[in-house]
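**Student:** coordinates only, sequence not included:
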C-alpha cells in the first residue's frame, strides 16, 4: 500500500482478460482492509454518475465526494469515447486528485490512443496524462486472455482459424 502513502497512481495496461480488473479489485480490497477510504468504479458508471450530478446541479458535491476517497480505482478506462463535457468532467476529478490521493486505472489502450477517448482533444489528453503519469507506477501486463485460455483448453476455440464454437 506504499503507493497510497506516496500519493502515487497505478496504471494497469494490457489486453482484455489478463487480470487487470482482478488486480484492481484485490488492491481495492487490501486498501479497505487497512481502513483506507477507497472507491472502485467502472469508467461507464463514473461518467453516468458525473452526468447525473451535473444535471441535478450537484457536480461540485460529487467531485468533492469522489476526491474525498484516498484511493480512486477506475476500471475499464477507454472502452468508449467521452464527449467534450464528459472529458472535461473527468479532467476535473484527475486534476483535483493530483498529488492529494491515488488513482488506479485499468485500460487496454496504450497512451498514444488516449486522445481517442478524450474527443480527440490533444491538449486535454496531455493534461490528464501529465497528471496521471507524473507520480505513478505503470504496469504493462502481457499475455493471453484467461477467459479465452479456458475455452481453448476446453476445445471450444481454435485460435488458428479464429473460430469460436458454441
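**Tutor:** The structure has been received and is ready for your questions. Keep in mind it's a predicted model, so treat the numbers as computed, not measured.
**Student:** which stretches of this protein have low pLDDT?
**Tutor:** 151, 157-166 (pLDDT under 70).
**Student:** kindly recompute the last result at 50.
**Tutor:** Counting by pLDDT under 50, the chain shows low-confidence ranges at 161, 163-166.
**Student:** residues contacting the closest residue to residue 9 other than its chain neighbours?
**Tutor:** Nearest residue to residue 9, sequence neighbours excluded (Cβ to Cβ, 6 or more residues apart in numbering): residue 136, at 4.0 Å. (Glycine included, C-beta is placed from N, CA and C.) Residue 136 makes contact with 8-11 under the criterion Cβ atoms under 8 Å, 6 or more residues apart in numbering.
**Student:** any chance of the residues you listed in JSON lines, with secondary structure too?
**Tutor:** Listed next are the contacts of residue 136 as JSON lines, based on DSSP: H, G, I helix; E, B strand; the rest coil:
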{"residue": "8", "secondary structure": "coil"}
{"residue": "9", "secondary structure": "strand"}
{"residue": "10", "secondary structure": "strand"}
{"residue": "11", "secondary structure": "strand"}
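**Student:** return the distance of the residue nearest the centre of the chain relative to residue 152.
**Tutor:** Central residue of the chain (Cα atoms, centre = their mean): residue 105, 2.9 Å from the mean position. From residue 105 across to residue 152, the span is 29 Å (Cβ to Cβ, to the nearest Å).
**Student:** what does residue 90 give?
**Tutor:** Distance from residue 90 to residue 152, by Cβ to Cβ: 36 Å.
**Student:** which helix or strand contains residue 148?
**Tutor:** Using DSSP states H and E, residue 148 falls within helix 146-153.
**Student:** which strands and helices sit next to that helix?
**Tutor:** If you count contacts as 3 or more Cβ pairs under 8 Å, 6 or more residues apart in numbering; DSSP states H and E, helix 146-153 packs onto strand 157-158.
**Student:** which of residue 90 and residue 152 has more residues huddled nearby?
**Tutor:** The neighbour comparison of residue 90 against residue 152 (other Cβ atoms under 10 Å) goes to residue 90, with 21 against 15.
**Student:** tell me who's in contact with that one.
**Tutor:** Counting by Cβ under 8 Å, 6+ apart, residue 90 makes contact with 46-47, 50, 82, 118, 128.
**Student:** so in terms of bridging, what pairs with the nearest residue to residue 20 once chain neighbours are set aside?
**Tutor:** What sits nearest to residue 20 in space, not counting adjacent residues and going by Cβ to Cβ, 6+ apart, is residue 106, at 3.9 Å. Using DSSP bridges, the bridge partners assigned to residue 106 are residue 12.
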